[in-house]
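Chemist: What would the 3D arrangement of this be:
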Amino acid sequence: MKLQPGSTLLHYRLVEKLGEGGMGVVWRAVDTKLGREVALKLLPDIFREDPDRLARFEREARLIAALNHPNIVTIHSVEEAGGERFFTMELVRGETLSTMIPPEGLPLEKFLEIAIAVTEALGAAHERGIVHGDLKPANIMVSDEGRVKILDFGLARPVSKLAGPGLADLPTRSVSVEAGVSGTLPYLAPEQIQGKPIVQRADLFSLGIIFYEMLTGRLPFEGDTVADLMASILKDTPRPVTDFRADLPMHLGRTIGHCLEKDPRRRLQAAADLRSELEDLGKEGARSPVEGMPSIAVLPPADMSPGRDQDYFCEGMAEETINALAKIQGLHVASRTSAFQFKGTALDSREIGRRLGVSTLLEGSVRKAGDQLRITAQLIDVANGYHLWSEQYDREMKDVFAIQEEIARNIVQSLQVKLTPGERSALGRAPTQDVQAYDLYLRGRKYFYQFGRRGIEFALQMFQKAIDIDPGYARAYAGMSDCYSFLFQVAERSESNRRQAEAASAKALALDPDLAEAHSAHGMALSLNQRFQEADAAFETAIRLNPKLFEAYYFYARHCFVQGKLGQSAQLYEDAFRVCPEDYQSPLLVAQVYEDLGLPAEAQAARRRGVKAVEARLLLQPDDVRALYMYANGLVALGELERGLDYARRALALEPEDPMLLYNVACVRCLAGEIEGAVDCLEKAVRNGFAQKEWLQKDNNLDAARSHPRFQALLARWP
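Modeler: Numbers count the residues shown, from 1 in each chain. From the prediction side, this is the model:
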């Protein structure tokens, strides 16, 4: 039967064709019985040829009609007439999401508005046991009144495995039932491509792709042919959306990454979970993009003190300024580690600014002699190298907090950044009331960042002395908690260390509930006690309070790894690297996670990133022990066995008794095939206090040694 405007099917008069695709032809029609306009959709031939499929669709259509959700297009009836199978539904006047997405992506506020509505509708359908199976922007409409509607529930399901000649010649944006699978290829989950039975989590994968496109204007998986596109969906890990949009919250990037896990078991498990995460982002308030938003990197001031012994103080002052400025939404601030890599280099300000991607630099000098302090500060325009502002302060040590506040306010004024009342108040908030406690805290952090047992023990002493002077110093308690957590893992797996880690972080939170470092420390302490869900919440809070806190992502990633949550661990390591692109630890560690996930290409790419980052680090600090042994690991894993083993020996010569170093040298030797030497190092590491049984169990660097009797004996030391 040839249909045209004016044709009738039962009591429906066709008015105009609205669209046509693999899932049927849609007409605007008039229901002459009820005197209302409807959308009439002719079902494709596959429904006539497959009675089971038609029966399932009719059953689901009745469920959708009974659901009557405001964000799902209402189905009125399923009919048959003139040899045609069709159904009628409400007519939505508006446009599909596919025509609404600009090349740069939707504004975050608009994204959340649509995404929450779609996720809520999907969750309602999933609760009724209904899977969409063909989610894509063309199946999501926004009405003229702004109402979001999902179309075509029940029309798409995999019916056979993708196979057959000529598949690679099909257009990549319209592959559907013609290719032996229902759905639209760029938006399919891996299990759909593989012809496996699909469940609700396939819809969440498709939704992750749609959200990715909504935010970036591009698809996460691409290919010149259908075969290439399928391969990309099956094996590629897309760049996080936050790589393309600096205004997006890091947590949103991780949420979408969780939707795009290849293994359905590692995805978000329900639409309700996804909706909750999106709603939380909405409540927190999205940071909308600001054209030409100012940006700054804070370099550690040069130490001009007579003894050149105030390096820790210079770095600490810069870190305090970074922490203060990072809380201002209208200002992009380079991370601590990103900025500190250029300390002492001969590069000019324009080159440093170009490498960091910022428009301004803060640099200066510190001269400290007894209680006398001279601080100079200059704010430099990266584009031309000119000073936007400069000042010299000759004060006493007790005035250091006032100086820091004045510097931060001058930066804000020079860059014409508008402050909220809360941001204005935060700039003037001193971390402690005692400058001696502050000095001790800065010394402690300097030691802590050495990531070795001896440095951690020195750091713990400094933090304790700071607390003795100022019992209300929240950051010192957070630092103390980090130290006890570290010692529990690599020095002494005692209940005392674990309890003190948790108690110190709890005290820090009680003193300052908005301190991101306190929540991060508490997350690690809770993780050691296997209170994993509470730890998750603590880490997420830390990231929300300070989206640029590298340690929150890094320790959260390690926390997920020991639980076997590999997909989430990988995403968090990538987040850590994105917050701090000069970090070498995260890319080298995520490489192992990618190997465990069966992604060897991604693992090698991550290792190359890590090796490049650690080479830059060693140029500046050639005796950095952690950098040396991590570099050794990366080299051996990339096939450079002799160079890698040589760097491992160099590290071992510097700190031959450090348990963390010994463990990592064992990993290097194991990768290089030196199994006996690897087990020797592991035994010594354990004798010296290494107690991370979870890493011994899960670290794939040690796979070649697992059957060794002495390795088995090491594992048997812990219950």
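Chemist: make it CA atoms for all contacts and neighbour counts henceforth
Modeler: Fine.
Chemist: Past the helix or strand containing residue 592, which element shows up next along the chain?
Modeler: Here residue 592 is covered by helix 585-596, with elements defined by DSSP states H and E. Tracing the chain past helix 585-596, the next element assigned as helix or strand by DSSP H and E is helix 600-620.
Chemist: Now that following helix: buried residues?
Modeler: 600, 602-604, 606-617 (16 or more other CA atoms under 10 Å).
Chemist: just checking, what packs against the helix holding residue 592?
Modeler: Contact analysis of helix 585-596 by 3 or more CA pairs under 8 Å, 6 or more residues apart in numbering; DSSP states H and E lists helix 566-579, helix 600-620, helix 625-637 as its packing neighbours.
Chemist: Residue 364: which of these is closest?
Modeler: Taking CA to CA, helix 600-620 is the member of these nearest to residue 364, at 19.4 Å.
Chemist: ok and that closest one relative to helix 566-579, angle-wise?
Modeler: Regarding helix 600-620 and helix 566-579, their directions subtend 40 degrees when assessed with axes from the mean of the first three to the mean of the last three CA atoms, to 10 degrees.
Chemist: what are the bridge partners for residue 42, then?
Modeler: Taking DSSP bridges as the rule, residue 42 bridges to residue 25, residue 86.
Chemist: Quick check: it touching residue 29?
Modeler: No: applying CA atoms under 8 Å as the test, residue 42 and residue 29 come out as separate, 11.9 Å apart.
Chemist: Let me see the mean pLDDT of the helix holding residue 592.
Modeler: Helix 585-596 shows an average pLDDT of 92 in the prediction.
Chemist: on that earlier part again, the more surrounded of residue 42 and residue 29?
Modeler: Under the neighbour definition other CA atoms under 10 Å, residue 42 and residue 29 were set side by side, and residue 29 has more, 27 against 19.
Chemist: tell me the pLDDT at the more buried one?
Modeler: Looking at residue 29, its pLDDT is 95.
Chemist: So it lies in a helix, does it not?
Modeler: No: with DSSP: H, G, I helix; E, B strand; the rest coil as the criterion, residue 29 is assigned strand and is not in a helix.
Chemist: residues in contact with residue 94?
Modeler: Applying CA atoms under 8 Å, 6 or more residues apart in numbering, we find residue 94 in contact with 141, 142, 143, 144.
Chemist: Would you mind listing which of those residues are buried?
Modeler: For those, a neighbour count by 16+ other CA under 10 Å gives the buried set as 141, 142.
Chemist: and which of the contacts of residue 94 is nearest to residue 238?
Modeler: residue 141 (26.2 Å).
Chemist: Could you say which helix or strand holds that closest one?
Modeler: Mapping residue 141 onto the secondary structure by DSSP H and E places it in strand 140-143.
Chemist: on contacts alone, who are the packing partners of that strand?
Modeler: Applying 3+ CA pairs under 8 Å, 6+ apart, one finds that strand 140-143 makes contact with strand 94-96, strand 148-150.
Chemist: all strands in the stretch 301-450 of the chain, in order from the N-terminus.
Modeler: Under the criterion DSSP state E, counting those that start in this stretch, the stretch 301-450 of the chain carries strands at the ranges 302-303, 332-333, 360-369, 372-381, 387-396.
Chemist: Serialize the ones you listed to CSV and add fields for distance to residue 340.
Modeler: Formatted as CSV, the strands of the stretch 301-450 of the chain follow (distance: least, CA to CA, whole Å):
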stretch, distance to residue 340
strand 302-303, 12
strand 332-333, 13
strand 360-369, 11
strand 372-381, 16
strand 387-396, 21
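Chemist: Quick one: closest of the ones you listed to residue 686.
Modeler: Residue 686 lies closest, by CA to CA, to one member of those: strand 302-303, at 39.5 Å.
Chemist: Direction included, what does that closest one pair up with?
Modeler: Strand 302-303 sits in its sheet next to strand 360-369 (parallel), going by DSSP bridges.
Chemist: ok, and what's touching the partner strand?
Modeler: For strand 360-369, the external contacting residues (CA under 8 Å, 6+ apart) are 294-306, 310, 314, 349, 353, 373-382.
Chemist: Apply 6 Å and report the result again.
Modeler: Residues external to strand 360-369 that are found in contact with it (CA atoms under 6 Å, 6 or more residues apart in numbering): 296-299, 301-305, 373-382.
Chemist: do stretch 96-111 as well
Modeler: Contacts of stretch 96-111 with the rest of the structure, by CA under 6 Å, 6+ apart, involve 137, 138, 140, 141, 214, 215, 216, 217.
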